[in-house]
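**Student:** Build me a model from this:
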Amino acid sequence: MNRKTKELILKALIYLAGAISVAILLSIVGFIFKNGIKLINLNYLISGNNSVTQYVLIDSNGETYVKPSNLSENSMFVEKYGIAISNSSEKETSFIVDYIDKNSPFIKAKNTSDVPYGVKAKDEIKKINKTNTKDISLDEAVKLLNSEDSLKLRLTRPGGGIYPMLISTLMLIGLSLLIAVPIGVFAAIYLVEYSKEGRFLRIIRFATESLSGIPSIVYGLFGMIFFVKLLGFGQSMVSGSLTLSIILLPTIIRTTEESLKTVPPSYKEGSFALGANRLQTLWKVIVPNALSGILVSIILSIGRIVGESAALLFTAGTFAKIPNGFFDSGASLTVRAYMEVKEYANIEMACGIGIILLIIVFGLNLITKFIVGMSNKNI
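**Tutor:** Numbers count the residues shown, from 1 in each chain. You can find the predicted model right below:
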């Protein structure tokens, strides 16, 4: 086999490996978008995950509304209130609100505490005045609604949103970075600027390298035993953030350390020549010139927090609710995606969360590339 043939085979293998990698990536992204894209809208981002039931009060405004032409065949129109309803797919019959006229009094509904609670599309009507919807047909429900001047409805607003998980994830990001970044940056500064070769330095480097190779589930077990049980923090944002901080330390230390090493020695020498002491040189010359690398380590850490699930299952909690504080529990986006598949086999919801995670990671990668590019231009 001659040299040219070997080069052609090697080139073909390189292209094949690249094509397989791209195909796998596109398959994963395509699967996630195919199953979850229909969930992505503003309501998905700002609504809660769990359904909410309220009694609402509605008075007719005396108008008669015209049936829109684009209603589905399964929907029936209520002329008196300007809404369209259809049967739900549940065994216990309820009626789904499919359409609401922009002038309908349903939009100005209030709950029993006199707080505005406008009816929205996809809300479920469970009771009309004193009549349970499971006892009547869709035709009877429309006739009943058209015959009443005042309504008291038991209304269930379905969940399915990710707002509580977004809040929990942001809280975990903020608190984890607040703990890990100072420790990681100061540790890197010590390793580069103050440490001397010896046993203690070797122990620090060994510990850092070992921490980066430990599986996340081990961190989670440690966090559960130490932060949740021993320190008594329980499953909370604090326990989750402290556990994540340990996970982030290797990334922050190593990235910051490499960034500090790239600062030209002439900068330090020039600072000393001008009369600056070691501390002044560090904070006014070395750290500012290594700032881009430190920012990259922070962005990489955010990506790690967003994608982490195993460590948070045991420390932060799995319930989709907005935490009342840092000592309250809550589920992150990745944890909730896991629970949706495990507990409810809800692939659609998990893929919807996956799309949000992909967008966040893609955005973080773009920011990282921008910072690195700007840093390279300044060199």
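
**Student:** For residue 85, what is the enclosing helix or strand?
**Tutor:** When elements are defined using DSSP states H and E, residue 85 is found to belong to strand 83-87.

**Student:** neighbouring strands for that strand, and are they parallel or not?
**Tutor:** The strands beside strand 83-87 in its sheet (DSSP bridges) come out as strand 76-78 (antiparallel), strand 95-100 (antiparallel).

**Student:** pLDDT of that strand, averaged?
**Tutor:** Mean pLDDT, strand 83-87: 91.

**Student:** now swap in stretch 143-150 and tell me
**Tutor:** The average pLDDT for stretch 143-150 rounds to 92.

**Student:** now the helices for the stretch 1-150 of the chain?
**Tutor:** Along the stretch 1-150 of the chain, counting by DSSP state H, counting those that start in this stretch, helices occupy 3-36, 42-46, 138-147.

**Student:** Those helices: lowest mean pLDDT?
**Tutor:** helix 42-46 (a mean of 80).

**Student:** now for it, which elements pack on it?
**Tutor:** When contacts are defined as 3 or more C-beta pairs under 8 Å, 6 or more residues apart in numbering; DSSP states H and E, helix 42-46 sits against helix 163-189. In this view, the C-beta of every residue, glycine as well, is placed from N, C-alpha and C.

**Student:** Skip ahead from the helix it packs on and say which helix or strand is next.
**Tutor:** Moving toward the C-terminus from helix 163-189, the next helix or strand (DSSP H and E) is helix 199-213.

**Student:** which outside residues touch that next one?
**Tutor:** Applying C-beta atoms under 8 Å, 6 or more residues apart in numbering, the external contacts of helix 199-213 come out as 187, 191, 195, 246, 247, 249, 250, 251, 253, 254.

**Student:** now with 7 Å?
**Tutor:** 191, 195, 249, 250, 253, 254 (C-beta atoms under 7 Å, 6 or more residues apart in numbering).

**Student:** Need the buried ones from those selected in PyMOL.
**Tutor:** Entered in PyMOL, the line below selects the buried ones among those, by 16 or more other C-beta atoms under 10 Å:
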select buried, resi 191+249+250+253+254
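
**Student:** Reformat the contacts of helix 199-213 as JSON lines; add pLDDT and distance to residue 156.
**Tutor:** Formatted as JSON lines, the contacts of helix 199-213 follow (pLDDT from 0 to 100; distance: C-beta to C-beta, whole Å):
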{"residue": "191", "pLDDT": "86", "distance to residue 156": "57"}
{"residue": "195", "pLDDT": "79", "distance to residue 156": "62"}
{"residue": "249", "pLDDT": "90", "distance to residue 156": "46"}
{"residue": "250", "pLDDT": "89", "distance to residue 156": "47"}
{"residue": "253", "pLDDT": "90", "distance to residue 156": "50"}
{"residue": "254", "pLDDT": "88", "distance to residue 156": "51"}
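
**Student:** Where does pLDDT dip in the stretch 251-379 of the chain?
**Tutor:** Applying pLDDT under 70 to the stretch 251-379 of the chain flags the ranges 372, 375-379.

**Student:** mind listing the helices for it?
**Tutor:** Counting by DSSP H, counting those that start in this stretch, the stretch 251-379 of the chain has helices at residues 265-273, 278-281, 287-289, 291-307, 310-313, 333-344, 347-378.

**Student:** and the last one, what does it pack onto?
**Tutor:** It stands for helix 347-378. Packed against helix 347-378 by the contact rule (3 or more C-beta pairs under 7 Å, 6 or more residues apart in numbering; DSSP states H and E) you find helix 3-36, helix 291-307, helix 333-344.

**Student:** quick one: the first one to helix 333-344, angle?
**Tutor:** Think helix 3-36. Between helix 3-36 and helix 333-344, the angle comes out at 70 degrees (axes from the mean of the first three to the mean of the last three C-alpha atoms, to 10 degrees).

**Student:** Check which helices and strands helix 3-36 sits against.
**Tutor:** Using 3+ C-beta pairs under 7 Å, 6+ apart, helix 3-36 sits against helix 347-378.

**Student:** So which bits of the helix it packs on are buried?
**Tutor:** Neighbour-count burial for helix 347-378, counted by 16+ other C-beta under 10 Å, picks out 349-357, 360, 364, 368, 371, 375.

**Student:** of all those residues, which comes closest to residue 215?
**Tutor:** Distance to residue 215 across these (C-beta to C-beta) is lowest for residue 357, with 20.2 Å.

**Student:** Quick check, residue 145 in contact with residue 79.
**Tutor:** No: assessed by C-beta atoms under 7 Å, residue 145 is found out of contact with residue 79, at 9.3 Å.

**Student:** out of these two, which sits in the busier spot?
**Tutor:** For residue 145 versus residue 79, neighbours defined as other C-beta atoms under 10 Å are more numerous around residue 145 (23 against 14).

**Student:** Now do the same contact list for the more buried one.
**Tutor:** For residue 145, the contacting residues are 78, 80, 81, 128, by C-beta under 7 Å, 6+ apart.

**Student:** Which ones among those lie within strands?
**Tutor:** 78, 128 (DSSP state E).

**Student:** Between the contacts of residue 145, which sits nearest residue 60?
**Tutor:** Nearest to residue 60, judged by C-beta to C-beta, of the contacts of residue 145 is residue 80 at 5.8 Å.

**Student:** Name the nearest residue to the closest one, ignoring sequence neighbours.
**Tutor:** Closest residue to residue 80 apart from its sequence neighbours, by C-beta to C-beta, 6 or more residues apart in numbering: residue 146 at 4.6 Å.
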